[in-house]
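Asks: Coordinates only, no sequence provided:
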């Protein structure tokens, strides 16, 4: 039997302190449901009384599928001049009507005397009676010892007295907080060992911030030193540099140490939980995010690729499927023949690594990458390049010429973009024009208009993203422009690339690849 | 005297293994110069022989300001069936003609027998004679013990034998690599303590990957346990989840433990180094990045804000200025006006917050920022906006109209870009045309040609960078394009911004701002 660790998620409270995180009440309820399904023990919904959205959440979550036993609310110890009975903050917590309440109090003597401006002894009474009061009202009262590690370093004796005050009031767990995120992993270990001399087997928790890039490590070190509750957020959302990212803490504890944070059969949902919550927050996925990122198990170097093809363990610390992720192989000038063969397989192309044409693809690839082409994110262009170089591509059309005009007649006018294109399909020539909100949009419309009568399904596709980067090449040459285009139709999404001195020409190349790829896939589907 | 730690940067080699990192040779040289100025001891430039770009770097860096003693090249031990004298990889390393060479070899018995398919004893010979050979040729030979921690866990005795083989050959430092990034911080500490029983005071290094979100912590733990060289990358670039981020490792070691990684007076460049290298890679800054992110010292919550105004230490683990960062109080907590005055001061403009015109600037700014304008990196546009809105700007010219034509007549032709512009200066109208290697270049030339007879000093300026981002705005609206242009003359460098649906129009706006700013500064200088 593996030892259970309680995961206490504060995405909905501390996570929303992040500059770029903002959830509606409906989002917050959906997130709570997702976390609950995933097996998270406690879900902290907010700080009732601090804002209307948090109050709304506690009202709405009761109508959701989340059992109320999983829901926690956050607040602070009572004010110095109030009793718990007439402290608005404490009362607002009770009004949330949830069985788990967490309150924070002061550990650091500096904060007691400078911020609260009260006697040190008085603060101990506040901690003690706030917890005791809540314990008399709800199932569980947790005590967050704010600035615990800084307080301990400043005045160890007093910091331990604050912990004792919460223990005496029978807090269900005492959470040691690295509020400023400045504590180093080995300090965490040493300080917890000191604390445990006082607390013995009393349940302790950890709440880390990532200001020193150590929040995940600190949380893991704390658990190895006997901590039983870990607080953190999905994807590490939080104020400043964020909180401990539970998407990393959970697999570290579960896969490397055998602790149980979520039921074993649910761990493979980790990636989809991480992504879903990013989507709700309209946040970009970090492709490099440990465990769950798109690149977390992506291999680029030729040496690595040939090794993982033999045994994935050689360059993967865990099986990606355990956390719902998967292995990927990337293309680049760093790669050799083995990447190419792997990738070809991905594209459903059966190529023999002994085929001399494979060498010409590798050479052509190196040449193009040296010019500034890049095929990560432009795998459709890569497939076309491979087919064209190996002689397995039949062109759908020939592009003869294009012209784009951008014009603005006066300061108040909107600019006009018009494109004309001439293409040949078989024996037929099409010469047409279209306008757009910019040169690329106009070109895209004109080409698709010209092709529509030959390939009507081209109407399904649309450009969804367009990225431009100027590359300064070596001495003596002009800088070049690299354009990446992402397109989609109802079946899939694909990326293409173009490189040229002229941005319009680079865009046109990427556009032509995108259209050729669409036609190729349509043809394959009907075959 | 604080103890020195050697920082060995591998941004240009291991960093470029990242899926989204791609540098030109010119970028790589600029990065090496920047890192050298920052005080980084070793800069690994690439793997000669693996691709043409790395060879180009070693050629070009010798013409730069980087002393060659700082430059390192990377490769592997010799192949099993070759001697060093006829191993292409080893010879390519020597051809890089740099005094520091790092080679990796196998530690993990599984890799020796499964990947190399040789006897365990044979691998020890390979390590030993590869290092000994390089030591006879160059100043320093470093040994990277690939998969050291995994190898140690699988077969401790053998892993230590590989280290001994490198020691016997007098490697200048033996670097313990957590190649798969799966090792936990306390394991790092325990294993290093075991290794040191064998190696005593022999110099050891650490090279961590971030697959478990612990690379920074692991590097710090290693140093506390006696490691003297830390390998990592700027901003943690690297394959999969990246390498140890030296932008976090350095301040952790230097500010929390008092080790010297870079000269103390250079640490405050950390943020600008991090950002500059992101810019060269066209990578988005991570606002939450520890120490250097824009939000790293940003405070949102009311409790925190009132506390930091009394004493910043209450919610900041270090003084932000030590790493070149600064405290921010987020917009929502500031009145628009004080925010503007704060920003204006940032840009070196002295404005009176009681001036009623300040309110119109605030309104205009909000409107523009909502449209996608961004003034970080476009201070010149901000200054013009402020002057125009406050009525302290006298126009130098009026832009009446422009037209740009991009045309390509056949597949083999180079595309042509031609711009016509009409401007008015005082009473005179100029209508002229120019061609360029793209629409923006053609427009730039045409406008400057038209203005040259009125403002001859306009010939001094040139565009040095051009960046494009597509912003998807809210529901129901079209996406817009944001263009940032960087320009310079012999005195300074400035940035301007333009936003429009049409990329050419956005570019034109940024171009006009750049030219107006140049004329403004020239006028100020002559006054």
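Replies: Sure, I can see it. It should be emphasised that the depicted structure is a prediction, and the values quoted were computed from it without experimental measurement.

Asks: contacts and neighbour counts: CA atoms only from here.
Replies: Fine.

Asks: Would you double-check that residue A:270 falls in a strand?
Replies: No - using DSSP: H, G, I helix; E, B strand; the rest coil, the secondary structure at residue A:270 is helix, not a strand.

Asks: list the buried ones in the longest helix belonging to chain A?
Replies: Assignment by DSSP state H gives helix A:503-526 as the longest helix of chain A. Using 16 or more other Cα atoms under 10 Å in any protein chain shown as the test for burial, helix A:503-526 gives A:503-520.

Asks: cool, and stretch A:482-497?
Replies: By neighbour count on 16+ other Cα under 10 Å, the buried set for stretch A:482-497 is A:482, A:483, A:484, A:485, A:486, A:487, A:488, A:489, A:494, A:495, A:496, A:497.

Asks: Could you measure from the last one over to chain B?
Replies: So that's residue A:497. The spacing between residue A:497 and chain B, counted by Cα to the nearest Cα, to the nearest Å, is 14 Å.

Asks: and that residue, that's in a helix?
Replies: No - applying three-state DSSP, one finds residue A:497 to be strand, outside a helix.

Asks: filter the buried residues of helix A:503-526 by proximity to chain B?
Replies: The subset of the buried residues of helix A:503-526 within reach of chain B, by Cα under 8 Å from any Cα of the partner chain, is A:503, A:504, A:505.

Asks: and the first one, what is it in contact with?
Replies: Right, residue A:503. By Cα atoms under 8 Å, 6 or more residues apart in numbering or on different chains, the contact set of residue A:503 is A:481, A:482, A:483, B:438, B:439.

Asks: Doesn't the first one belong to a helix?
Replies: No - secondary structure assignment (three-state DSSP) places residue A:481 in strand, not in a helix.

Asks: Quickly find the element holding the nearest residue to it once chain neighbours are set aside.
Replies: In space, and not counting its chain neighbours, residue A:481 is closest to residue A:470: 4.5 Å by Cα to Cα, 6 or more residues apart in numbering or on different chains. Using DSSP states H and E, residue A:470 falls within strand A:462-471.

Asks: tilt between that strand and strand B:462-471?
Replies: 160 degrees (axes from the mean of the first three to the mean of the last three Cα atoms, to 10 degrees).

Asks: Distance from strand A:462-471 to the middle of the chain?
Replies: Put simply, strand A:462-471 sits 22 Å off its chain's centre (Cα atoms, centre = their mean, to the nearest Å).

Asks: can you pull the buried residues of that strand?
Replies: A:462, A:463, A:465, A:466, A:467, A:468, A:469, A:470, A:471.

Asks: Lowest pLDDT pick from those residues?
Replies: Least confident of those in the model: residue A:471, at 71.

Asks: Please look at that one and residue A:370 and confirm they touch.
Replies: No - using Cα atoms under 8 Å, residue A:471 is not in contact with residue A:370, being 11.1 Å away.

Asks: What ranges does the stretch 301-450 of chain A have for its strands?
Replies: Along the stretch 301-450 of chain A, the segments classed as strands by DSSP state E, counting those that start in this stretch run A:328-329, A:398-408, A:416-425, A:428-436.

Asks: Turn the contacts of residue A:503 into TSV, including distance to residue B:47.
Replies: Output for the contacts of residue A:503, formatted as TSV (distance: Cα to Cα, whole Å):
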residue	distance to residue B:47
A:481	26
A:482	25
A:483	28
B:438	35
B:439	38
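
Asks: So which of those is the closest to residue A:284?
Replies: Proximity of these to residue A:284 (Cα to Cα) peaks at residue A:483, which lies at 20.3 Å.

Asks: what's near enough to touch the nearest residue to that closest one once chain neighbours are set aside?
Replies: Leaving aside its chain neighbours, residue A:483 sits nearest to residue A:468 (4.6 Å; criterion: Cα to Cα, 6+ apart). For residue A:468, the contacting residues are A:481, A:482, A:483, A:484, B:467, B:468, B:469, by Cα under 8 Å, 6+ apart.

Asks: and the gap between the closest residue to residue A:119 other than its chain neighbours and residue A:184?
Replies: Of all residues not flanking residue A:119 in the chain, residue A:113 sits nearest, at 6.5 Å (Cα to Cα, 6+ apart). Between residue A:113 and residue A:184 the computed distance is 26 Å (Cα to Cα, to the nearest Å).

Asks: Tell me which of these two has more neighbours.
Replies: A side-by-side neighbour count of residue A:113 and residue A:184, using other Cα atoms under 10 Å in any protein chain shown, places residue A:184 first with 22 against 13.

Asks: quick one: contacts for that one?
Replies: Counting by Cα under 8 Å, 6+ apart, residue A:184 has contacts A:212, A:214, A:218, B:217.

Asks: Over to residue A:217?
Replies: So residue A:217 contacts A:185, A:249, B:184, B:185, B:213, B:214, B:217 (Cα under 8 Å, 6+ apart).

Asks: excluding its backbone neighbours, what's nearest the first one?
Replies: Nearest-residue entry for residue A:185: residue A:218, 4.9 Å, with adjacent residues in sequence omitted and distances by Cα to Cα, 6+ apart.

Asks: What separation do you get for the residue nearest to residue A:389 when sequence neighbours are not counted and residue A:164?
Replies: Closest residue in space to residue A:389, ignoring its immediate chain neighbours: residue A:361 at 6.1 Å, by Cα to Cα, 6+ apart. To residue A:164, residue A:361 is 70 Å away according to Cα to Cα.

Asks: circling back to that earlier point, go through the buried residues of stretch A:482-497 and name the one nearest residue A:397.
Replies: residue A:496 (17.7 Å).

Asks: isn't that closest one right up against residue A:373?
Replies: No - Residue A:496 lies out of contact with residue A:373 (Cα under 8 Å); the separation is 10.1 Å.
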